[in-house]
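> Sequence first, then the predicted structure, then my questions.
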Amino acid sequence: MAEALARTGIDRKDIRFITELYWDWKAAIRLDQELSESAAIQRGVRQRCVLFPYLFNRLHTVYLLGIKSHEWPQHQRHTHQQYTLVDDTILLANSNQDLQKILDVVKNASEQKGLDMNVKKTKTMVIIISISKNEDMLA
């Protein structure tokens, strides 16, 4: 994770702070007067943390930019049409087939980085725009 943060241009001092904040936590359990041995808390970015949207967007961008150009559908190779807000991502495509290709590419890239796509929260929306021959088009 620290390597991915470094690729986003975050200063190494900030990366060290973030790493200590999120990944170097230890805890022990006190029962009556006895204290257990400490154990590492292995947990990622906390969603209620004010840093979460910033970190998610920075890392998400690194992962999407890491997808090789030839993996995207032909018409979207130069315009990676995706938008991210906090931990939601919108992917745009011209057809169901292109959308499936994009989802496959993003899913494979995410899995390589240890990320999961929550299929239960995934939605699709179809927008059809038709312009009649009689309508004036603005340039």
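Cool, got the structure.

> can you give me phi and psi for residue 26?
Residue 26 adopts backbone torsions of phi -130, psi 150, taken as degrees, to the nearest 10.

> Next: residue 38.
With angles defined as degrees, to the nearest 10, residue 38 sits at phi -80, psi 150.

> is it true that it touches residue 30?
No. Using C-beta atoms under 8 Å as the test, residue 38 is too far from residue 30 to be in contact (11.2 Å). C-beta: built from backbone N, CA, C; applies to glycine.

> okay, those two: which has more neighbours?
residue 38 (11 against 8; other C-beta atoms under 10 Å).

> Grab the nearest non-local neighbour of residue 36.
Leaving out its chain neighbours, the residue that sits closest to residue 36 by C-beta to C-beta, 6 or more residues apart in numbering is residue 29, at 4.5 Å.

> neighbours of the one you found, just the number please.
For residue 29, the number of neighbouring residues by other C-beta under 10 Å comes to 10.
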